[in-house]
Every structure is written in structure tokens, then in C-alpha cells.
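1. sequence-free structure coming up:
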Ligand SMILES: C[S@@+](CC[C@H](N)C(=O)[O-])C[C@H]1O[C@@H](n2cnc3c(N)ncnc32)[C@H](O)[C@@H]1O
């Protein structure tokens with residue numbers, strides 16, 4: 001099975017505005033689709049591919065310009081420094097999980113298979129979806145389901161999870177699926193489960209706080225004129241990236257100069273948000289929620 005089909009491939013690589021001798025980071029190497037196109041565009045340059053998932057090592061290209069960094073991209077600055085790199089010409093991040101995660105039953109990311117509730121991208125981390133479901137209190141579960149899964153009835157679902165786990169531990173994806181069935185009908189089931197599973201995955205991998213750290217660190221390592229290219233799949237992520245590019249800070253606080261001009265370390269390149277073409281959507285349904293934003297450091 002295909003490891004992952006790259007999303008918005010040409011649009012994102014174009015966004016990097018590659019200089020052949022430049023130093024680039026693919027923060028989410030995965031199946032290496034984006035990396036392989038970056039490598040085609042550099043000669044004499046370098047590419048560092050980060051991925052926290054051990055399985056991504058399967059896809060490391062045999063290319064002397066490429067270095068694989070098996071770490072979380074929140075530590076981008078630290079690991080680039082390790083390779084004596086303090087500034088880069090461009091950073092690409094294609095956030096979230098890969099098709100490989102969804103299609104590997106034992107990783108527990110998908111409700112299509114029955115498996116232990118895991119959902120860790122980095123399998124050396126402690127926290128699993130099993131812990132979130134079986135130990136978080138009602139308020140914390142409500143927060144996760146509402147903020148990360150955008151469930152309108154988050155509190156009710158959280159309360160039911162807490163009640164049910166008192167009778168019996170919720171071990172597997174199937175246990176959770178059965179529990180969720182009371183909140184949806186066959187028509188809405190798939191959407192509802194996707195929202196619940198997405199919420200748990202974001203919590204398990206601390207995706208929002210990691211993204212915040214990464215954006216800040218990315219700004220610091222980019223050269224003036226360097227490009228920041230980010231593909232998001234979730235409105236919370238997208239809002240964060242949008243506001244960060246607009247203001248240069250995680251809080252999205254707009255700062256203005258004496259004349260009222262907005263001060264930002266970035267120039268926004270993608271004035272209109274970039275989404276997959278009809279053609280791409282037809283070929284790859286998993287690209288449907290993708291949004292691409294591009295900014296250049298001033
Ligand atoms: C959407 S996939 C990227 C696919 C890739 N662009 C390709 O063309 O194959 C996201 C990848 O990023 C990795 N990832 C997600 N969050 C990460 C993080 N915080 N640090 C390092 N890798 C991360 C995942 O393990 C996954 O392999």
C-alpha cells in the first residue's frame with residue numbers, strides 16, 4: 001500500500017521559491033513526497049527532513065543532500081544547530097498524520113479497524129488515546145472533544161465516556177465506536193467518529209502546543225527572504241498559522257506602528273488561501289480539508 005500521497009505538492013514547493021544552493025527543512029517528512037520534489041530542485045543545497053515517527057525511516061532517500069532527523073519538529077532549532085545550521089532558506093510543514101498511520105490497524109488511529117486505542121505518532125511517548133479516554137475528567141475530555149474535534153455535544157459525550165468506563169475500561173477503537181453509536185445514526189456515524197478520533201489524536205500528540213513552539217522556532221531560524229510554507233487540515237491549526245503569519249506572534253496580537261500600519265516579521269505570499277484543485281480532490285479524497293499558507297520573512 002502507498003505510504004502517503006503528497007497533498008498540494010506543486011503549490012507548496014512553488015511556495016518555497018527554492019534557490020538551488022539553499023538549505024531547506026521538510027518538518028513532516030512522512031512518505032517523502034514533498035522532500036523528493038525539493039531534492040529535485042536543489043543542487044549543492046541541503047534538505048533536512050524531520051519526522052517523529054520511526055516508520056518514516058522506511059522512506060529515506062538515497063541522496064547526499066538529504067539528512068533525516070528522527071525528532072519532533074518542535075525542536076527544529078536545536079537539531080539544526082546540531083548540524084551547524086543556524087539559518088535556513090525555507091521550511092515546509094504538512095501537518096497531521098499520514099495515510100500510513102490511518103492504514104496501519106495496530107497504530108489505533110482509525111475506526112475502520114479494531115485495535116488498542118494508541119494514536120501516538122512517536123511510539124516512545126507515554127500518553128496514548130487509551131489514557132485520555134480512561135483517565136481524563138469530564139471537563140478535560142469535554143475540552144478535547146470540543147476544541148479539537150469541534151463536537152457540538154462534547155460535554156454529553158465526555159460525560160457518557162466517564163460513566164461507561166466506570167462499568168468497563170474502554171480498551172479498543174471498537175469499544176469507543178460502540179459507545180459513540182448512541183450519538184449518531186448510520187448517516188452521520190462516519191463524520192462523528194472522525195471528529196472524536198481526530199480530537200483524541202490531537203491531544204495525544206499535543207499537536208497544538210507543538211505547532212505553537214514550531215512556528216516561533218521556525219521564524220527564528222528563517223533567513224530574511226526565507227519562506228514558511230504550511231499545510232493544515234484543521235480549523236484550529238489553520239487559524240493559528242494565519243494569525244502567526246499576520247502578526248508574528250502566537251497570540252495573534254496585531255501590533256501597529258505610529259502610522260497605524262500592521263507590524264509583522266512576515267509578508268504574506270498567499271493572499272488567498274490555497275486549497276486542492278478539483279482534480280486533486282478527485283484523485284485523493286484525503287486532501288479535502290487541506291489549506292496552504294505561505295509567508296516570507298522580511
Ligand atoms: C501529513 S504527513 C506528511 C506527508 C509528507 N509530506 C509526504 O509527502 O509524504 C505528516 C507527517 O509528519 C509527521 N509529524 C507530525 N507531527 C510531527 C511533529 N511534531 N514532529 C515530527 N514529525 C511530525 C507524522 O509522523 C507524519 O509522518
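-> Received it, and whenever you're ready, just let me know what you need. Note that this is a predicted model, so its numbers are computed, not measured. Numbering: from 1, shown residues only.

2. quick one: buried residues of stretch 128-143?
-> 128, 129, 130, 132, 133, 136, 141, 142, 143 (16 or more other C-beta atoms under 10 Å). (Glycine included, C-beta is placed from N, CA and C.)

3. what's the helix or strand for the fourth one?
-> With elements taken from DSSP states H and E, the one containing residue 132 is helix 129-135.

4. after that helix comes which helix or strand?
-> Past helix 129-135, the next helix or strand by DSSP H and E is helix 138-143.

5. any idea how far the ligand is from the nearest residue to residue 7 once chain neighbours are set aside?
-> Closest residue in space to residue 7, ignoring its immediate chain neighbours: residue 287 at 4.3 Å, by C-beta to C-beta, 6 or more residues apart in numbering. Going from residue 287 to the ligand by C-beta to the nearest ligand atom, to the nearest Å gives 10 Å.

6. now residue 252
-> In terms of C-beta to the nearest ligand atom, residue 252 sits 21 Å off from the ligand.

7. count of neighbours near that residue?
-> 14 (other C-beta atoms under 10 Å).

8. Could you pick out the residues of the chain near the ligand for me?
-> Contact residues, the chain versus the ligand (C-beta under 6 Å from any ligand atom): 4, 6, 28, 30-34, 50-53, 56, 72-74, 94, 96-98, 121, 210.

9. Show the buried residues in those residues.
-> 4, 6, 28, 30-34, 50-53, 56, 72-74, 94, 96-98, 121, 210.

10. Which phi and psi values does the residue nearest to residue 7 adopt?
-> phi -90, psi 0 (degrees, to the nearest 10).

11. coming back round to it: what about the residues of the chain next to the ligand, which are in helices?
-> Filtering these for membership in helices, criterion DSSP state H, returns 33, 34, 210.

12. Name the nearest of these relative to residue 116.
-> For these, the minimum distance to residue 116 (C-beta to C-beta) is 23.2 Å, reached by residue 210.

13. who are the neighbours in contact with the closest residue to the closest one other than its chain neighbours?
-> Spatial nearest neighbour of residue 210, chain neighbours left out: residue 74 (4.6 Å); criterion: C-beta to C-beta, 6+ apart. The contact partners of residue 74, taken as C-beta atoms under 8 Å, 6 or more residues apart in numbering, are 210, 213, 214, 217.

14. I'd like those residues laid out as TSV, including secondary structure, distance to residue 183 and pLDDT.
-> Putting the contacts of residue 74 into TSV (DSSP: H, G, I helix; E, B strand; the rest coil; distance: C-beta to C-beta, whole Å; pLDDT from 0 to 100) gives the following:
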residue	secondary structure	distance to residue 183	pLDDT
210	helix	29	98
213	helix	34	98
214	helix	34	98
217	helix	39	98
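
15. who wins for most neighbours among these?
-> residue 214 (22 neighbours).

16. so that residue sits right up against residue 77, yeah?
-> No: in this structure residue 214 lies outside contact range of residue 77 using C-beta atoms under 8 Å: 9.6 Å.

17. Mind listing the shared neighbours of the two?
-> By C-beta under 8 Å, 6+ apart, no residue touches both residue 214 and residue 77.

18. count of neighbours near residue 194?
-> Other residues near residue 194 come to 13 when the count uses other C-beta under 10 Å.
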